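# no sequence for this one, just the structure:
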C-alpha cells in the first residue's frame, strides 16, 4: 500500500512546535498563502440566524430558496438529524431532495422559484436518493425504519435497513416496489447500469452502520475477518431488473479490501496511522477500513473511485456485477475518506475527508488546510498519484460545522471546475485544472445558525445541473445558485457550461460531458488562452476580430464568409496547449457550418 503523503508530512501547528504567534503566522503565510490572505474574506464575521443569517458571495448568486416542508422541520430543534436534508438527485425539471425522514420532489423548471410537488414521509436515514428513469433508489440505515415506511413501533420483524426502490411514474403518488435488506443498511449507494442487452441496473451498497443480528436478518455476522463470511469488509451489489424492479436482490458481496498476497479480507487500513489525528485530537471518525462510505462510478471510463473510511481506492467496473480493486492510497492527515469525483477525462480524482463526521467545526483558525480537506490525485497508468490538497480558504467559527462534503463538476470546457458543499462553510467553486495548484473562483456563505452553539446545518450537496447549481441545505431547505462572471470565470465560460443539457444527474453515477461545437465553447477557450497569458494582446485582438465577424456572418447567407473567418483565426494560433485547444474547437465549429 502506498501512503501518498509520505513526501508531504503532516504539519503540526506552529504553536505546538513552540513557535511564537508572529512566527506561527509567518509560517502559515509561507506554507498556505491562500489561507493567510483570507483574513479579509467577507465570509468572516457574518451574523447568525436560521432564515435571516447574513450572507456573503462572490461569483455565485443565490437565485432562490425554499424552506423545508412542515413534516421535515422542527422549529424547536432546527438542527435535528432526524429531519436533516441529505443528498440530491435530478431528472428533467425535477429535484429529488433526500431527508432522514423521507424525500421531497421539487419542480425546478424555474430554478429561481422552485415549487414543492410531492413529499414522501419515510423515516430511517440517511435518505440519499438516486434516479434511474422512473425508479427512485433510497438509502436507509437507521434502526427506526419500517419496511412499510410507517411511523409505528419497529420490531425485528418489520424493521428495514437497506435500499428502497420507488416507482415514481406517478409523481404525485410514488410507490415502493422493492425493499432490499442488507446487514449494515445503506448509508449511501451507487447506480451502475448493466450493458444495453441486460436491461438491469446494479446498485453498489455502502453500509457503515453496525451489523444486524442473524436473528433479524439471516446470514449477518459481526464476527472478525478470520471467520466465514463476516458482514464487514465488503460492499453489496444489488441487481435490479428494470422491467421487474420488484425482483431486485443482492447478487454479489465483493471483498474490495482484500490483500492480494495474503488473502486477508481486512487487507487495507485497519488501524489508525497514529494514536491521534495530526491536530492532536482523537480521530473522528477513526480511519479504519471495513466499508466504503461513498463510491462514485464513471462507466464511460470503466472505473469507480471508492472513499472507504481509511483509504481511497480505484475500482475496475468493466464488469459492473463484479467490481475489482486496482489501486489504493492512504493519508495520515485524513480522518475519514468520504466521497470522490473524477475530472471529465478521467485523469484525476478528488477525494474528500469528512473529519468530524460532518458534525464538527473543522474550518477554524486552528485547523490547518490539509485537515478536513480534499486530496487531488492524478491517475497515471491505473495508479493514483497525490498532487495537492484543497480546502475552502476562509475561516469559519467554532459554531459552524464545516468540512469537505459533496461536489460535482461544473462543465466549463477546457477546465476542471468543481462546485462543492462545505456544510456551514457554504458553497465553494474551485479550479483544479492544475492538480498541484487548486484555486477558489467563486463562493456563497451564510452566517452560523446560532453563533453561541454548534448546530447541524449548512449545505450537504451542491451540484451543477443544466445551467444552475442546486444545493440541499440541511436545516433550512433547498437552494439554487447561478454563477456570475468574474476575472476568474468569464460570461462565455458560463454560457458554454450552460449549453450542456443532461436528462438526469446522480452524483455517484458520474456522466461524461461532451460539448457540441458552438461560439460559446470557442469563446470560453479563447478567454482561457488570454487569461493564461498564452495569447498576447495583439494576437488576442486579431483572433477576437475573426471570431466576431464569423459569429455575425454565421446566421445568414454569408456562412462561407463565417467559415473563412474561423479558418483565419485558427491559422493565427500558435503551438502552446491552450492555443492548440482553441484552434481545434474553432475548426470543429467551422465544420458544422459547411
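Okay, I see it. These numbers come from a predicted model, not from an experiment.
# for residue 585, identify the helix or strand it belongs to.
Assigned by DSSP states H and E, residue 585 belongs to helix 577-593.
# which stretches in this structure count as helices?
21-31, 33-37, 491-498, 519-532, 537-554, 559-572, 577-593 (DSSP state H).
# wait, which of the ones you listed is closest to residue 203?
helix 491-498 (29.7 Å; CB to CB). Backbone N, C-alpha and C define where each C-beta goes, glycine included.
# other SSEs contacting that closest one?
Judged by 3 or more CB pairs under 8 Å, 6 or more residues apart in numbering; DSSP states H and E, the packing partners of helix 491-498 are helix 519-532.
# which residue ranges make up each domain of this protein?
2-506, 519-593 (automatic domain parsing).
# now the last one: average pLDDT?
So that's domain 519-593. Mean pLDDT, computed over domain 519-593, is 96.
# first-to-last residue distance for that domain?
When the termini of domain 519-593 are compared using CA to CA, to the nearest Å, they are 11 Å apart.
# middle-most residue in the protein, spatially?
For the chain, the residue nearest the mean C-alpha position is residue 407 (2.5 Å; CA atoms, centre = their mean).
# coming back round to it: report all helices and strands that the helix holding residue 585 contacts.
Judged by 3+ CB pairs under 8 Å, 6+ apart, helix 577-593 is in contact with helix 519-532, helix 537-554, helix 559-572.
# take those helices and lay them out in TSV including mean neighbour count and distance to residue 144.
Shown next, in TSV, are those (neighbours: other CB atoms under 10 Å; distance: least, CB to CB, whole Å):
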stretch	mean neighbour count	distance to residue 144
helix 519-532	22	49
helix 537-554	16	59
helix 559-572	18	62
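# show residues contacting the helix holding residue 585.
If you take CB atoms under 8 Å, 6 or more residues apart in numbering as the criterion, helix 577-593 is touched by 413-414, 517-519, 521-522, 525-526, 528-529, 532, 534-535, 543, 547, 554, 559, 562-563, 566-567, 569-570, 573-574.
# kindly report the same for stretch 363-374.
Under CB under 8 Å, 6+ apart, the answer for stretch 363-374 is 10-11, 13, 28, 32, 34-35, 277-279, 333, 335, 350-356, 362, 389-398, 400, 402-404, 420, 422, 425, 438.
# and stretch 250-261, by the same measure?
Contacts for stretch 250-261 (CB under 8 Å, 6+ apart): 180, 182, 205, 229, 233-239, 264-268, 289-290, 292, 306, 308, 311, 313, 315, 321-325.
# got a PyMOL select line for the buried ones in these?
Per 16 or more other CB atoms under 10 Å, the buried members of the contacts of stretch 250-261 correspond to this PyMOL selection:
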select buried, resi 180+182+205+233+234+235+236+237+238+239+264+265+266+267+268+289+290+292+306+308+311+313+315+323+325
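# spatially nearest residue to residue 423, not counting backbone neighbours?
Setting aside the residues directly before and after it, residue 423 is nearest to residue 458 in space (CB to CB, 6 or more residues apart in numbering), at 3.6 Å.
# whoops, residue 353 was the one
residue 334 (4.4 Å).
# can you pull the pLDDT of that neighbour?
97.
# pLDDT value on residue 196, please?
Listed pLDDT for residue 196 reads 86.
# distance of the spatially closest residue to residue 369 that is not a sequence neighbour relative to residue 428?
Spatial nearest neighbour of residue 369, chain neighbours left out: residue 391 (4.3 Å); criterion: CB to CB, 6+ apart. Applying CB to CB, to the nearest Å, the value for residue 391 to residue 428 is 9 Å.
# between the helix holding residue 585 and helix 559-572, how big is the angle?
Here helix 577-593 points in a direction 160 degrees away from that of helix 559-572 (axes from the mean of the first three to the mean of the last three CA atoms, to 10 degrees).
# quick one on the thing from earlier: pipe the helices and strands packed on helix 577-593 into JSON lines and attach distance to residue 53 per row.
Output for the helices and strands packed on helix 577-593, formatted as JSON lines (distance: least, CB to CB, whole Å):
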{"stretch": "helix 519-532", "distance to residue 53": "34"}
{"stretch": "helix 537-554", "distance to residue 53": "42"}
{"stretch": "helix 559-572", "distance to residue 53": "48"}
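# OK, contacts around residue 462?
So residue 462 contacts 406, 407, 408, 419, 420, 421, 427, 469, 470, 471, 481 (CB under 8 Å, 6+ apart).
# let's see that with 6 Å instead.
419, 421, 427, 469, 471 (CB atoms under 6 Å, 6 or more residues apart in numbering).
# the first one against residue 470, yeah?
In other words, residue 419. No - counting by CB atoms under 6 Å, residue 419 does not reach residue 470; the two are 9.6 Å apart.
# burial measure for the residue nearest to residue 353, as a count.
As a burial measure, residue 334 scores 34 neighbours (other CB atoms under 10 Å).
# tell me how far the closest residue to residue 124 other than its chain neighbours lies from residue 253.
Of all residues not flanking residue 124 in the chain, residue 145 sits nearest, at 2.7 Å (CB to CB, 6+ apart). Distance of residue 145 to residue 253, given as CB to CB: 22 Å.
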